[in-house]
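Student: no sequence on hand, only this structure:
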């Protein structure tokens with residue numbers, strides 16, 4: 001099977017979708033930060049009745065630190081409500097392109113009814129590629145474009 005054909009025909013749902021880390025909108029920033037630390041995650045998704053309302057990431061934490069917001073503020077007031085999402089039917093190629101274009105390391109996967117089904121991560125896509133193309137990935141030299149500057153040996 002051709003590499004490009006596989007990326008455009010396989011759905012993102014086959015790339016090791018992770019379960020989402022979610023909180024309700026009324027959860028305080030303090031609780032969200034504790035949850036992110038405890039779960040060692042870089043983002044949390046804000047949901048109401050299984051429907052995605054927004055996202056809060058570690059980049060938001062950095063931005064808000066400078067603004068001096070209250071840790072008791074509800075996350076719904078601090079989250080990003082415009083969230084780029086994937087459909088379970090989107091292709092792996094589409095997922096890679098959208099993540100690269102937006103600079104994302106993870107994207108929520110939402111079904112046709114707007115319900116959150118999981119999170120597509122760069123690591124899941126890499127794992128997918130390694131499992132489908134092991135001979136290409138495992139046979140690459142550590143530095144593929146390396147050229148020797150000095151002769152070795154005597």
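Tutor: Received the coordinates, thanks. Since this is a predicted model, take the numbers as computed values, not measurements.
Student: now for the closest residue to residue 114 other than its chain neighbours, how many residues are close by?
Tutor: Ranked by Cβ to Cβ, 6 or more residues apart in numbering and with sequence neighbours excluded, the top spatial neighbour of residue 114 is residue 51, at 4.9 Å. Placement of C-beta: from N, CA and C, glycine included. By other Cβ atoms under 10 Å, 11 other residues sit near residue 51.
Student: residue 51 contacts residue 115, doesn't it?
Tutor: Yes. Applying Cβ atoms under 8 Å, one finds residue 51 in contact with residue 115, separated by 6.0 Å.
Student: gap between residue 84 and residue 9?
Tutor: According to Cβ to Cβ, to the nearest Å, residue 84 and residue 9 sit 22 Å apart.
Student: ignore the last one, residue 77
Tutor: 42 Å.
Student: pull the contacting residues for the residue positioned nearest the centre of the chain.
Tutor: Among the residues of the chain, residue 106 comes closest to the average C-alpha position under Cα atoms, centre = their mean, at 0.8 Å. Residues near residue 106 by Cβ atoms under 8 Å, 6 or more residues apart in numbering: 42, 43, 119, 120, 121, 122.
Student: also residue 8?
Tutor: Residues near residue 8 by Cβ under 8 Å, 6+ apart: 91, 92, 93.
Student: the first one - nearest residue in space that isn't next to it in sequence?
Tutor: By that I understand residue 91. Per Cβ to Cβ, 6+ apart, closest to residue 91 is residue 8, 5.1 Å.
Student: any idea which helix or strand carries the one you found?
Tutor: Element membership of residue 8 [criterion: DSSP states H and E] is helix 3-9.
Student: I'd like the average pLDDT over that helix.
Tutor: Helix 3-9 carries an average pLDDT of 63.
Student: next helix or strand past it?
Tutor: As assigned by DSSP H and E, the chain's next helix or strand after helix 3-9 is strand 22-23.
Student: which outside residues touch that following strand?
Tutor: Contacts with strand 22-23, where a contact means Cβ under 8 Å, 6+ apart, come from 31, 32, 35, 44, 45, 46, 47, 75, 116.
Student: how about a cut-off of 10 Å?
Tutor: With contacts defined as Cβ atoms under 10 Å, 6 or more residues apart in numbering, strand 22-23 is touched by 31-32, 35-36, 44-48, 50, 52-53, 56, 74-76, 79, 108, 116, 119.
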